[in-house]
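Peer 1: Sequence first, predicted model second:
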Amino acid sequence: MALNNSQPPYLNPVVPFSGQILGGLQDGLKITLMGTVLYNNGTRFAVNFHSGPSDNDIAFHFNPRFEEGGYVVCNTKQNRSWGTEERKMHMPFQMGIPFELCFLVNSCDFKVTVNGNHFLQYSHRVPFHRVDTISVSGAVNLSYIGFQSPGVWPANTAPVTQTVIHTMHSTPGQMFPNSIIPPVVLPNPAYPMPFFTSIPGGLYPSRNIFVSGTILPSAQRFHINLRSGSDIAFHLNPRFDENVVVRNTQINSLWGAEERSLPRKMPFIRGQSFSVWIMCESHCLKVSVDGQHLFEYYHRMKNLPAINSLEVAGDVQLTHVQT
């Protein structure tokens, strides 16, 4: 029995992009975009929510502009005419740096977060249920547009102690909002654990790998490995029992020196969803968690094309993998 009606994500959409929002916008729907602002390809990008494929009527125009110190314009277009601009004189995006941009639809407004931080609210000027299309244009490269429907109760199965199935990030400081016990993590048949898949063509500069899932409420550890045969070129190992994220390489069954230092606190939280983005560059891997750059890992295995498989195991349930 399906407990939500989330539509499949758009993977590596080519910008300019226009895609359907199945069922249209609804109260509680969260739409997440992951991408990178491009250098030397203009100074703006825009995300538009509108009715149908044309841009005559845009319910919400979200338009970061890297001009005059950087700011974000929000507006609504009706019958080809723009309304009054709302400007946020702050720029949360950086050119060349990955971002996670989330739009949460509420009955009265859009709530926008960037890299997990609340950025702005935009009150509805037209009925949001008319919106059935999202489009993106400008100086941006996208890897993912995902949709998360509001949490629901399992129909006709409510036990004495009811458990909400959560599909959205919890409020900071609230690990399990609105529920007495941790949310149920349902197995995804597409991603049996442990999970193995190939990386066609292996690694090369500009190659991106994306892994998202939910950490089990009682998690101790999990790992993401990029492998070359029996060797592990990159071992990413969050350890909740030690409150650390270990990185390492194993060659000929021998581990190298561990890397443990982080520029900020442990980004993985028991019972919450996560997204890991691994970007390959010529000299290193750049790793972002939930849209925020976390660390760089310099290649210890130099034959990048030979690093051609991905392994995920441990106390997580996967929701999306892209290699």
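Peer 2: Noted; the coordinates are in hand.
Peer 1: Low-confidence ranges, this structure, go.
Peer 2: For the chain, residues meeting the criterion pLDDT under 70 lie at 1-6, 40-41, 150-190.
Peer 1: Looking at the record's assignment, how would you partition the protein?
Peer 2: 10-148, 195-322 (automatic domain parsing).
Peer 1: Next, format these as CSV and append mean neighbour count.
Peer 2: All C-beta atoms are positioned from the backbone trio N, CA, C, and that covers glycine. Shown next, in CSV, are the domains of the chain (neighbours: other Cβ atoms under 10 Å):
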stretch, mean neighbour count
domain 10-148, 17
domain 195-322, 17
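Peer 1: Who does Met34 form a beta bridge with?
Peer 2: Glu100, Tyr144 (DSSP bridges).
Peer 1: Quick check: phi and psi at Leu304.
Peer 2: phi -60, psi -40 (degrees, to the nearest 10).
Peer 1: If we ignore the residues flanking it in sequence, what's nearest it?
Peer 2: Leu203 (4.1 Å; Cβ to Cβ, 6 or more residues apart in numbering).
Peer 1: do the same with Asp231
Peer 2: Using Cβ to Cβ, 6+ apart, the nearest residue to Asp231 is Ile251, at 5.0 Å.
Peer 1: wait, doesn't the one you found sit right on Phe234?
Peer 2: No: Ile251 is not in contact with Phe234 according to Cβ atoms under 8 Å; the separation is 11.7 Å.
Peer 1: one step back: report the contact partners of the residue nearest to Leu304.
Peer 2: By Cβ atoms under 8 Å, 6 or more residues apart in numbering, Leu203 lies in contact with 226, 233, 280, 304-305, 307-308.
Peer 1: hmm, try it at 7 Å
Peer 2: 280, 304-305, 307 (Cβ atoms under 7 Å, 6 or more residues apart in numbering).
Peer 1: Gly138 now?
Peer 2: 42, 44-46.
Peer 1: Identify, from those, the entry nearest to Val312.
Peer 2: Of all those, Val312 sits closest to Phe45, with 31.4 Å by Cβ to Cβ.
Peer 1: Go ahead and confirm that closest one touches Phe66.
Peer 2: No: contact criterion Cβ atoms under 7 Å: Phe45 and Phe66 do not qualify, at 9.0 Å.
Peer 1: Show me where the stretch 51-200 of the chain has its strands.
Peer 2: 58-65, 71-78, 81-82, 86-88, 98-105, 109-114, 117-123, 133-138, 140-148, 195-198 (DSSP state E, counting those that start in this stretch).
Peer 1: Dump the ones you listed into JSON lines; add distance to Thr214 as well.
Peer 2: Shown next, in JSON lines, are these (distance: least, Cβ to Cβ, whole Å):
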{"stretch": "strand 58-65", "distance to Thr214": "27"}
{"stretch": "strand 71-78", "distance to Thr214": "30"}
{"stretch": "strand 81-82", "distance to Thr214": "40"}
{"stretch": "strand 86-88", "distance to Thr214": "31"}
{"stretch": "strand 98-105", "distance to Thr214": "16"}
{"stretch": "strand 109-114", "distance to Thr214": "18"}
{"stretch": "strand 117-123", "distance to Thr214": "21"}
{"stretch": "strand 133-138", "distance to Thr214": "24"}
{"stretch": "strand 140-148", "distance to Thr214": "11"}
{"stretch": "strand 195-198", "distance to Thr214": "14"}
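Peer 1: Out of those strands, which is closest to Gln26?
Peer 2: strand 98-105 (6.7 Å).
Peer 1: In CSV, could you pull the C-alpha coordinates for the closest one?
Peer 2: Below are the C-alpha coordinates for strand 98-105, written out as CSV (Å, rounded to 0.1, in the frame of the first residue of the first chain):
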residue,chain,number,x,y,z
PRO,A,98,26.2,23.2,-4.9
PHE,A,99,22.9,24.2,-3.4
GLU,A,100,19.7,22.6,-2.1
LEU,A,101,16.6,24.8,-2.7
CYS,A,102,13.3,23.8,-1.2
PHE,A,103,9.8,25.2,-1.7
LEU,A,104,7.2,24.1,0.8
VAL,A,105,3.6,24.9,-0.2
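Peer 1: Now do that strand against strand 133-138, angle only.
Peer 2: Angle, strand 98-105 to strand 133-138, by axes from the mean of the first three to the mean of the last three Cα atoms, to 10 degrees: 150 degrees.
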